[in-house]
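S.K.: predicted coordinates and the sequence they were generated for:
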Amino acid sequence: MTLCPPAHKTTRHETTRPRAQRPHGPPGGPRRFRVAGADLSASVAVFLIALPLSLGIALATGAPLQAGLVAAAVGGIVAGRFGGSPLQVSGPAAGLTVVTAELIQRYGWRTTCAITVLAGLAQLGLSALRVARSALAVSPAIVHGMLAGIGVTIALAQLHIVLGGTPQSSTVDNVLGLPAQLAHIHPSALAISALTVTVLLSWPKLPGRAGRLVRKIPAALVAVAGATAVAVVAGLAVPRVDLPSWSSHALPGLPEGPVLGIAAGVLTITLVTSVQSLLSAVAVDKLVAARADRSRSVPRSHLDRELAGQGAANVVSGALGGLPVAGVAVRSVANVSAGAVSRTSTMLHGLWIVLAALLLVPVLDLIPLAALAALVMVVGIQMVSITHIRTVTRHREVVVYAVTLAGVVLVGILEGVALGIAVAIAVAMHRLARTRISREERDGRQLLHVRGQLTFLAVPRLSRALHQLPQGSHVVVELDGSFMDHAAFETLSDWTSGHLAHGGTVETTGPSGTRIAEPFAGAATDSTAPSCCRPWTPWHNHQCGEQPPAETDPPAEEVPTAEADRPTGARRTSGLHLASGIGKFQRNTAPLVRDELARLAREGQRPSQLFLTCADSRLVTSMITSSGPGDLFTVRNVGNLVPLPGEESGDDSVAAAIEYAVDVLRVESITVCGHSGCGAMQALLGSGPDDPATPPTPLRRWLRHGRPSLERMASRRHAWARISGRLPADAVEQLCLTNVVQQLEHLRAYEAVARRLAEGSLTLHGMYFHVGEAQAYLLAGTDEVHSYDDVFTQVMPTDHWEPEPERPEAAHLERARAS
């Protein structure tokens, strides 16, 4: 056995040459701000998307156009630096367009900025209370319905600008005003809008290799830039962006208006920005986890910190005269898709926005308003997601979605969300209270189907249906639900006890027909006794209410000597325990495995492993390997011994099993499993030389096959096996480990095994199970045994064993070796 020394590693006890440092400089040298190339390219891609969208959203709200740029810059720098989602991009969001436009129209721009500041402070307070995850409790149907309603409102408002007109104050007015607007279309504005929409929708679908290259440029930038170029070259007379001087930029003032109205505005901004940002952060985590390149790990979002970052950004944006800020899904998706690896990309995108707002004002003033309106209109239409509609339909929540959408469009965001919550609660109560109970007779059995949740509201109908079943009949109760309250449980339990008392039988199954094992056993007779025992409970520890009848103990002198050391209860009830265990298998386990066993009976066994282990009763192979029927071809004997070919003295059972498993069943691996406290190994250590005058017993003759393991442990040519880096506890454990290694060498002597090993179609594994610790170990290639708590990794044993140059000393092992 070869115990390879570990690779050299610098430890804290060793010294390394220190790097040169400046006097009084920080340890490890000066810190430098480094920007990854992926973050730089991602920031440019996000900037190119955010610039036209920020101007378009500002236009849609009726706010100063600089307010969109302020919010984009603050969202990138402040929320990017202090937020809890490293790759989420924040800025002015389309979901806030409606509520912001309403606030501006009602209270003016300066008061709207003050409301944004107050909403940011509210978000900071919510973050301090650590309630961020509570936002995830809102039904997805309500969130998607809210966003869809906002999208419909945006699209209808921007459609008027696309046609060359001016939007009205409400969605209903915009719908009613469409006929008049269609009668007075502005051709130039419509042409610019049509060009923008065409490029925006067709750009992601460009075919071929050239298409893949140019698609890296954001479609929004290409659409707006193309429309601007056409308008400038053609000299079209259309309204354009007009960015006033930053010196005249409006800053917030003291809120003016009714207190309740301003409080409602703060609540609405807080609700929409928080929910949208947190849901977007969760979506970004999913995108990052699905990314193919995982060379750079990105931490998961910290939602409370993200809420605090959004609050700080809203405070700063409102104070600087910007729009409300929220996490934006479109820009975040672009950031992740561009390969960003840290929050640096988000912050750099905010920096590029600042530079553009300061240096590119003449270029931005050339953009037609119709192009921005068409861009925002398409974004609003896309907010009504077909995928979301299919999802809520599949989950039977389309009513919640539709009511929320209609409420947001017709009444307002807060009112629409409140209506959606009310409908969602009503739907949940309806599902909880709705229970369908049907009865039929099939193959001489009475089938009672219970669909839905069993609550006290359904108890009268359940009781009526149960008592209509004939006494003494075989009843199958199928429960197709996930909840049963105490009243329903007692009703079913009491009826089950009475039906059994009158000679009937009751079988309770789940929705797929899977039997529920003894759900009401003992419930009516003894509420304190457990209804069933844990899996793998030994017979003598069972407390399932199926105790065998008491018997009179035989007199002590009648007990055979060999039985004197066994517990009296074990001698008296062993047969009854076996019969009881078989009965429980037939009732509880057989229905669960019958289909699988029937398949194996049809197709035959195809095990993947030959598992050779000891006959010790404490080793339950299916338990320690988590295997099922058809997985293991198991051979058990005293000491998990593999006799060398031709040395079985007339008993070829092990050799026959090896040949059958390797040549006929074509197993892929063979595992030899030893265990702690093995009685065979103890017998080997205590055995002396054979006495010619005394004929050997069958056990003694069998243990001769284990003597090579004893010789291996005593040999100086082989290293002692280790278990998780430590020496074995005693000589018995050392021999148990050595025996596993020796039996693997015996396996290689079999012609069938050697041939399959040479072909590379068979592997050998060693395993050791510590009974007292319930811990399994696998044998590594250096004969060192490693521990695996949860994940078992296959480790190939080496083909040869080299002498150990330096071996540890232990007194108890030396004494064992000397003997």
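M.R.: Nice, I can see it.
S.K.: Leu51: what secondary structure?
M.R.: The three-state label given to Leu51 by DSSP: H, G, I helix; E, B strand; the rest coil is helix.
S.K.: excluding its backbone neighbours, what's nearest it?
M.R.: Ala356 (6.0 Å; C-beta to C-beta, 6 or more residues apart in numbering). The C-beta positions use only the backbone N, C-alpha and C, and glycine is treated the same way.
S.K.: now what about the helix or strand in which that neighbour is found, what contacts it?
M.R.: Secondary structure assigned from DSSP states H and E places Ala356 in helix 344-359. For helix 344-359, the external contacting residues (C-beta atoms under 8 Å, 6 or more residues apart in numbering) are 35-36, 38-40, 42-44, 46-47, 50-51, 54, 66, 69-70, 72-81, 86-90, 246, 331, 335, 338, 340, 364.
S.K.: picking that back up, count residues in the vicinity of the residue nearest to Leu51, would you?
M.R.: Neighbourhood size, Ala356 [other C-beta atoms under 10 Å]: 20.
S.K.: quick check: it vs Gly350, distance?
M.R.: From Ala356 across to Gly350, the span is 11 Å (C-beta to C-beta, to the nearest Å).
S.K.: picking that back up, gap between the residue nearest to Leu51 and Ala71?
M.R.: When distance is defined by C-beta to C-beta, Ala356 is 14 Å away from Ala71.
S.K.: name the residues that touch stretch 237-247?
M.R.: Outside stretch 237-247, the residues within contact range by C-beta under 8 Å, 6+ apart are 55, 64-66, 186, 188-189, 192, 231, 357-358, 361, 364-370, 372.
S.K.: buried ones from these, can you make that a ChimeraX selection?
M.R.: Selection of the buried residues among the contacts of stretch 237-247 in ChimeraX, burial being defined by 16 or more other C-beta atoms under 10 Å:
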select :55,64,65,66,186,188,189,192,231,357,361,364,367,368,369,370,372
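S.K.: out of the contacts of stretch 237-247, which are inside helices?
M.R.: Those of the contacts of stretch 237-247 mapping onto helices are 55, 65-66, 188-189, 192, 231, 357-358, 361, 364, 369-370, 372, per DSSP state H.
S.K.: thought Gly91 was touching Ala72?
M.R.: Yes. Shown here, Gly91 and Ala72 form a contact pair, counting by C-beta atoms under 8 Å, at 4.1 Å.
S.K.: any common contacting residues for the two?
M.R.: Among the neighbours of Gly91, those also in contact with Ala72 (C-beta under 8 Å, 6+ apart) are Ala50, Ser54.
S.K.: find the nearest non-adjacent residue to Thr613, please.
M.R.: Cys673 (4.0 Å).
S.K.: same thing with Asn640?
M.R.: In space, and not counting its chain neighbours, Asn640 is closest to Cys614: 4.4 Å by C-beta to C-beta, 6+ apart.
S.K.: and the gap between the one you found and Pro92?
M.R.: Counting by C-beta to C-beta, the gap from Cys614 to Pro92 is 71 Å.
S.K.: the two: which is more packed in?
M.R.: Using other C-beta under 10 Å as the criterion, Cys614 and Pro92 rank with Pro92 on top: 33 against 24.
S.K.: now do the contacts for that one.
M.R.: Pro92 sits next to 53-54, 57-58, 67-68, 71-72, 75, 322-325, 328 when contact means C-beta under 8 Å, 6+ apart.
S.K.: again with Glu256
M.R.: When contacts are counted by C-beta under 8 Å, 6+ apart, Glu256 touches Tyr107, Gly108, Thr111.
S.K.: can you name the next helix or strand after the helix ranked longest in the chain?
M.R.: For the chain, the helix that runs over the most residues, judged by DSSP H, is helix 259-289. Next helix or strand after helix 259-289 toward the C-terminus (DSSP H and E): helix 303-319.
S.K.: what's the angle from that following helix to helix 259-289?
M.R.: Between helix 303-319 and helix 259-289, the angle comes out at 130 degrees (axes from the mean of the first three to the mean of the last three C-alpha atoms, to 10 degrees).
S.K.: and helix 303-319, what other elements does it pack with?
M.R.: Packing partners of helix 303-319 (3 or more C-beta pairs under 8 Å, 6 or more residues apart in numbering; DSSP states H and E): helix 65-74, helix 80-82, strand 90-91, helix 109-128, helix 259-289, strand 326-327.
S.K.: for Trp720, find the nearest of these.
M.R.: When those are compared by C-beta to C-beta, helix 259-289 sits nearest Trp720, at 45.1 Å.
S.K.: please give the centre-to-centre distance between that closest one and its chain.
M.R.: How far helix 259-289 lies from its chain's middle: 24 Å, per C-alpha atoms, centre = their mean, to the nearest Å.
S.K.: buried ones in that helix, by neighbour count?
M.R.: 262, 265-266, 268-285, 288.
S.K.: I'd assumed Leu163 was in contact with His186.
M.R.: Yes. Here His186 reaches Leu163: they are 6.7 Å apart, a contact under C-beta under 8 Å.
S.K.: now do the end-to-end distance for stretch 597-609.
M.R.: The first and last residues of stretch 597-609 sit 18 Å apart, counting by C-alpha to C-alpha, to the nearest Å.
S.K.: buried set for that stretch?
M.R.: Buried residues in stretch 597-609, counted by 16+ other C-beta under 10 Å: Pro607, Gln609.
S.K.: cool, and stretch 314-333?
M.R.: 314-333.
S.K.: chain center to stretch 626-645: distance?
M.R.: 36 Å.
S.K.: average pLDDT across it?
M.R.: The pLDDT scores in stretch 626-645 average 91.
S.K.: repeat for stretch 216-233
M.R.: Mean pLDDT, stretch 216-233: 87.
S.K.: contacts for it, please.
M.R.: For stretch 216-233, using C-beta under 8 Å, 6+ apart, the contacting residues are 45, 48-49, 51-53, 188, 192, 195-197, 199-200, 203-204, 236, 238, 240, 334, 366-368, 370-372, 374-375.
S.K.: can you say which of the residues you listed are buried?
M.R.: Among those, those that count as buried by neighbour count (16+ other C-beta under 10 Å) are 45, 48-49, 51-53, 188, 192, 195-197, 199-200, 203, 236, 238, 240, 334, 367-368, 370-372, 374-375.
S.K.: and the angle from the helix holding Ala356 to helix 65-74?
M.R.: 150 degrees.
S.K.: could you list the buried residues of helix 344-359?
M.R.: Neighbour counts over helix 344-359 (16+ other C-beta under 10 Å) mark Thr344, Ser345, Thr346, Met347, Leu348, His349, Gly350, Trp352, Ile353, Val354, Ala356, Ala357 as buried.
S.K.: next one: stretch 655-663 to chain centre, how far?
M.R.: For stretch 655-663, the gap between its own C-alpha mean and the chain's C-alpha mean amounts to 42 Å (C-alpha atoms, centre = their mean).
S.K.: would you list the contacts of Glu256 in CSV and tack on neighbour count, distance to Ala210 and pLDDT?
M.R.: Converted to CSV, the contacts of Glu256 look like this (neighbours: other C-beta atoms under 10 Å; distance: C-beta to C-beta, whole Å; pLDDT from 0 to 100):
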residue, neighbour count, distance to Ala210, pLDDT
Tyr107, 19, 51, 89
Gly108, 16, 50, 89
Thr111, 21, 51, 91
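S.K.: pick the one among those closest to His395.
M.R.: Tyr107 (38.9 Å).
S.K.: what about the helices in the stretch 601-750 of the chain?
M.R.: For the stretch 601-750 of the chain, the helices identified by DSSP state H, counting those that start in this stretch occupy 621-625, 653-659, 679-686, 698-703, 707-714, 731-748, in order along the chain.
S.K.: and the fourth one, what does it pack against?
M.R.: Yep, that's helix 698-703 we're talking about. Contacts defined by 3+ C-beta pairs under 8 Å, 6+ apart place helix 698-703 against helix 679-686.
S.K.: so which bits of the helix it packs on are buried?
M.R.: Ala680, Met681, Leu684, Leu685.
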